[in-house]
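A.B. asks: kindly return the folded structure for what I paste below:
(one chain, ligands or ions: 1)
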Amino acid sequence: MSRFLIVLLVLCFMSCNTKEVKIKEMPTKSEKIVIAHRGASGYLPEHTLPAKAMAYGMNVDFIEQDIVLSKDNVPIVIHDIHLETVTDVAIKFPDRSRADKKFYVIDFTFEELKQLNVSERFDPATNEAIFPNRFPLFKSNFKIHSLQDEIELIQGLNKSTGRNIGIYPEVKEPEFHQKEGKDISKIVLNILMEYGYKTKNDHCILQCFNAKELKRIRNEFKSELFLVQLIEFEEEELRLEEFAKYADGIGPWIQQIIKGKGVNGKWLISDLVINAHKNNLKVHAYTFRADQLGGFETFDELLNVALYEANIDGVFTDFPDKVVGFINKN
Ligand code: CA
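C.D. replies: Numbers count the residues shown, from 1 in each chain. Prediction:
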């Protein structure tokens, strides 16, 4: 019997071992990652669950969540700390704006926020769409949701499809939240932990523009997640060594990398990506839009220069299908 057991154990060990080898030998996906910026926001209103489900169906690597707290401390997936550019808040709650005429997410409970209709982004002064060729304003039925709602959508789809698409949450305006008496990072990190996002292997990248706060997330909260320091100013490009002490990557905007055309007609590329890579930092640049080409003839030309000439590692895009398609054919 003991011999039989040993044979069984050896067989089991061999099969487990083979399995492990198989996983390692699986063809690796492109090293370049595609992040659905606010979902498939080129096609459906940003940060709505349908926009996230659509992005999921486009086989991206990560889906982005911007996070702002409600009055009752629910992390809401929305880009701005105020509501009037993507909802009908001014009609539903006309007397709830602050002195600056803005309606703040943090002044509403989650129950109240769920009463709002969400629209494609518009200018509340003129009621005109920011991107006129995108989804029409205030059509169909879109609602505000929480970070938990969205994680459950993505994890649910991971279960039903057998894929493993990640989340890419951004802690928005931590200092504003602090002034309002709220610790947004603490709340977000606790929820991420609850849903199993703890280490760099858990398909979650956490991003923030505020360097002090991202440092705090690493050092005070001891987060082991993959952290990306978002940047927007030239002076931040000189702080890569400092960022590398707590972050795993940087998120600059495209114009910090592609600096226009030279006299020979070639695109000028800054040293930012090379310097970031020297500091062992990945570069995920924002925002790639097929309807805002910034001087490029085609979207493919922009993607080619950014991904293969400038050698960035990831793309935040409103048009995930186009970027996935481009990377797959190259
Ligand atoms: Ca964002």
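
A.B. asks: the residue most central in space within the chain: what secondary structure?
C.D. replies: Central residue of the chain (Cα atoms, centre = their mean): residue 64, 2.6 Å from the mean position. Under DSSP: H, G, I helix; E, B strand; the rest coil, residue 64 falls in the strand class.

A.B. asks: I figured it was touching residue 316, is that so?
C.D. replies: Yes - contact criterion Cβ atoms under 8 Å: residue 64 and residue 316 qualify, at 6.8 Å. (Glycine included, C-beta is placed from N, CA and C.)

A.B. asks: list residues touching both of those two?
C.D. replies: Taking Cβ atoms under 8 Å, 6 or more residues apart in numbering as the criterion, residue 64 and residue 316 both touch 35, 37.

A.B. asks: circling back: name whatever forms a beta bridge with the residue nearest to the centre of the chain.
C.D. replies: residue 168 (DSSP bridges).

A.B. asks: residues of this structure that sit close to the ion?
C.D. replies: For the chain, the contact set with the ion under Cβ under 5 Å from the ion comprises 66, 170.

A.B. asks: where does the chain dip in pLDDT?
C.D. replies: For the chain, applying pLDDT under 70 flags the ranges 1-30.

A.B. asks: can you give me the helices in it?
C.D. replies: Secondary structure of the chain, counting by DSSP state H: helices at 2-25, 49-57, 89-92, 110-113, 147-161, 174-179, 184-194, 211-219, 240-244, 272-278, 299-304, 320-329.

A.B. asks: reformat these into TSV and put mean neighbour count next to each item.
C.D. replies: As requested, the helices of the chain are exported to TSV (neighbours: other Cβ atoms under 10 Å):
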stretch	mean neighbour count
helix 2-25	9
helix 49-57	21
helix 89-92	16
helix 110-113	17
helix 147-161	16
helix 174-179	16
helix 184-194	18
helix 211-219	17
helix 240-244	17
helix 272-278	18
helix 299-304	18
helix 320-329	19
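
A.B. asks: and residue 136, which of these is closest to it?
C.D. replies: helix 49-57 (14.2 Å; Cβ to Cβ).

A.B. asks: chain center to the closest one, what's the gap?
C.D. replies: 13 Å (Cα atoms, centre = their mean, to the nearest Å).

A.B. asks: what's in contact with that helix?
C.D. replies: Helix 49-57 is contacted by residues 36, 38-41, 43-45, 63, 142-143, 145, 149-150, 153-154, 157, 165, 320 when judged by Cβ under 8 Å, 6+ apart.

A.B. asks: from memory residue 136 sits against residue 120, does it?
C.D. replies: Yes - counting by Cβ under 8 Å, residue 120 is a contact partner of residue 136 at 6.7 Å.

A.B. asks: with adjacent residues omitted, what lies nearest to residue 246?
C.D. replies: residue 218 (3.9 Å; Cβ to Cβ, 6 or more residues apart in numbering).

A.B. asks: and that neighbour, what does it touch?
C.D. replies: 227, 246-247.

A.B. asks: for stretch 293-303, how far is the first residue from the last?
C.D. replies: Stretch 293-303 has an end-to-end distance of 10 Å (criterion: Cα to Cα, to the nearest Å).

A.B. asks: tally of neighbours for the closest residue to the ion within the stretch 101-250 of the chain?
C.D. replies: Closest residue of the stretch 101-250 of the chain to the ion, Cβ to the ion: residue 170 (4.2 Å). Applying other Cβ atoms under 10 Å, we find 21 other residues in the vicinity of residue 170.

A.B. asks: and what of residue 79?
C.D. replies: For residue 79, the neighbour count with other Cβ under 10 Å is 20.

A.B. asks: next one: residue 291
C.D. replies: 12.

A.B. asks: of the helices of the chain, which approaches residue 265 most closely?
C.D. replies: Evaluated over the helices of the chain, closeness to residue 265 peaks at helix 299-304, with 12.3 Å, by Cβ to Cβ.

A.B. asks: roughly how far apart are the nearest residue to residue 253 once chain neighbours are set aside and residue 317?
C.D. replies: Closest residue to residue 253 apart from its sequence neighbours, by Cβ to Cβ, 6+ apart: residue 286 at 5.5 Å. Using Cβ to Cβ, to the nearest Å, we find residue 286 at a distance of 8 Å from residue 317.

A.B. asks: which one's more surrounded, these two?
C.D. replies: Neighbour count, other Cβ under 10 Å: between residue 286 and residue 317, residue 317 has more, with 30 against 20.

A.B. asks: got the contact list for the residue lying closest to residue 183 once chain neighbours are set aside?
C.D. replies: Distances taken as Cβ to Cβ, 6+ apart place residue 177 nearest to residue 183, at 7.1 Å, with adjacent residues excluded. Residue 177 sits next to 68-69, 106, 183-184 when contact means Cβ under 8 Å, 6+ apart.

A.B. asks: repeat that for residue 112.
C.D. replies: Counted by Cβ under 8 Å, 6+ apart, residue 112 has contacts residue 93.

A.B. asks: which residues does residue 249 contact?
C.D. replies: 205, 226-229, 276, 281-284, 313-314.

A.B. asks: neighbours of the nearest residue to it once chain neighbours are set aside, just the number please.
C.D. replies: Excluding its sequence neighbours, the residue lying closest to residue 249 (Cβ to Cβ, 6+ apart) is residue 282, at 3.5 Å. When counting by other Cβ under 10 Å, one arrives at 20 neighbours for residue 282.
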